[in-house]
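# Sequence and predicted model, in that order:
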Amino acid sequence: MAMLTVENLEASYGAVRALHGISIEVAEGELVALLGVNGVGKSTTLKSIMGVLRPVKGTITFEGQEITNRSPEKIVKRGISLVPEGREIFGTLTVEENLRLGAYVGFKRDRYKADLEEMFELFPILKDRFHQAGGLLSGGEQQMLAIARALMGHPKLIMLDEPSLGLSPAMTDQIFRLIVTLKERGSTILLVEQNAERALEIVDRAYLLANGQIEHAGTAEEIKRKVDVASVYFGDQTDADSCEVSL
Ligand SMILES: Nc1ncnc2c1ncn2[C@@H]1O[C@H](COP(=O)(O)OP(=O)(O)OP(=O)(O)O)[C@@H](O)[C@H]1O
Ligand SMILES: [Mg+2]
């Protein structure tokens with residue numbers, strides 16, 4: 001049985017329907033991507049799973065229990081954590097305070113110390129900047145802090161919304177390597193990315209979204225082939241267009 005099952009999810013912002021029946025599954029230990037261009041509903045799907053947005057229709061099941069319409073607090077307690085788009089760390093709080101907030105769910109002092117050591121191993125920069133304000137970190141460092149903060153709560157499922165957005169190629173490489181490390185350590189991860197090519201190098205399976213629906217679902221290899229076909233298609237289009245222009 002899958003750890004997370006989303007069935008026929010429909011969601012709206014006022015009169016605007018953003019999701020038209022999304023169905024996805026994530027098994028324990030899997031690294032799964034939700035791919036698609038701007039505005040197709042990737043973040044809306046994560047927000048609905050997190051309980052931040054109430055779906056109009058559909059069901060969300062986590063570890064065999066339905067969590068549709070539960071509050072975000074209850075969903076966090078069940079073991080789902082979202083690292084939102086734009087990171088949203090607390091800029092005026094120190095790195096330490098940010099991490100402590102992440103550990104808040106079921107806080108235990110002994111475990112907190114051990115967890116901090118583990119975070120310092122994964123993200124050495126956070127040790128160096130422990131007493132600095134989060135807002136003084138670079139974009140990539142803030143992304144690491146946001147992920148570390150989520151990990152401090154020992155989520156069973158971690159959802160990352162475009163963790164590489166706006167980062168340099170080198171920092172993007174680092175974030176992708178980190179995601180692979182998290183998977184190897186046993187994390188279950190739902191990754192939202194616009195960068196399909198990069199994501200498909202590391203994920204087990206992926207869903208390709210278009211206009212609030214799943215266009216394709218499959219293994220990374222299967223989706224890669226679809227994306228290749230799409231890029232060949234768009235490549236031909238561009239050639240045709242440039243031909244017309246030159247005529
Ligand atoms: N708060 C909001 N109010 C109204 N419409 C919204 C809101 N948030 C998103 N939408 C709309 O819902 C649709 C899906 O948006 P969503 O943020 O889920 O897309 P996305 O796939 O995450 O895109 P991106 O890659 O740009 O982050 C879009 O048409 C968007 O304009
Ligand atoms: Mg988004």
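Received, thanks. Numbering: from 1, shown residues only. Ligands and ions are numbered 1, 2, ... in the order given.
# how about the residue of the chain found nearest ligand 2, what does it touch?
Taking C-beta to the ion, ligand 2 has its nearest neighbour within the chain at residue 43, 3.1 Å off. C-beta here means a position set from N, CA and C on the backbone, and glycine is covered the same way. With contact taken as C-beta atoms under 8 Å, 6 or more residues apart in numbering, residue 43 is in contact with 84-85, 161, 192.
# 6 Å instead?
85, 161 (C-beta atoms under 6 Å, 6 or more residues apart in numbering).
# Would you map the helices across the chain?
Counting by DSSP state H, the chain has helices at residues 42-50, 72-78, 95-102, 109-122, 124-128, 139-151, 169-184, 196-202, 220-246.
# and these as a markdown table, adding mean pLDDT?
Output for the helices of the chain, formatted as a markdown table (pLDDT from 0 to 100):
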| stretch | mean pLDDT |
| --- | --- |
| helix 42-50 | 97 |
| helix 72-78 | 94 |
| helix 95-102 | 91 |
| helix 109-122 | 89 |
| helix 124-128 | 93 |
| helix 139-151 | 93 |
| helix 169-184 | 93 |
| helix 196-202 | 93 |
| helix 220-246 | 62 |
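# and of these, who's closest to ligand 1?
Evaluated over the helices of the chain, closeness to ligand 1 peaks at helix 42-50, with 3.2 Å, by C-beta to the nearest ligand atom.
# Is any residue of that closest one near ligand 1?
Yes: with C-beta under 6 Å from any ligand atom as the criterion, ligand 1 is reached by helix 42-50 at 42-44.
# what's the closest of these to residue 139?
Using C-beta to C-beta, residue 43 comes nearest to residue 139 of those, at 18.2 Å.
# Residue 53 versus that closest one, what's the distance?
From residue 43 across to residue 53, the span is 9 Å (C-beta to C-beta, to the nearest Å).
# Kindly report the same for residue 76.
15 Å.
# follow-up on the earlier one: want to throw the helices of the chain into TSV with distance to residue 62?
Formatted as TSV, the helices of the chain follow (distance: least, C-beta to C-beta, whole Å):
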stretch	distance to residue 62
helix 42-50	8
helix 72-78	6
helix 95-102	20
helix 109-122	23
helix 124-128	29
helix 139-151	16
helix 169-184	19
helix 196-202	23
helix 220-246	24
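# who's in contact with residue 31?
Taking C-beta under 6 Å, 6+ apart, one finds 183, 189, 203-204 in contact with residue 31.
# Just those residues: which are in strands?
Counting by DSSP state E, the part of those found in strands is residue 189.
# Any chance of CSV for the contacts of residue 31, columns neighbour count and distance to ligand 1?
Below are those laid out as CSV (neighbours: other C-beta atoms under 10 Å; distance: C-beta to the nearest ligand atom, whole Å):
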residue, neighbour count, distance to ligand 1
183, 18, 22
189, 22, 17
203, 25, 17
204, 15, 21
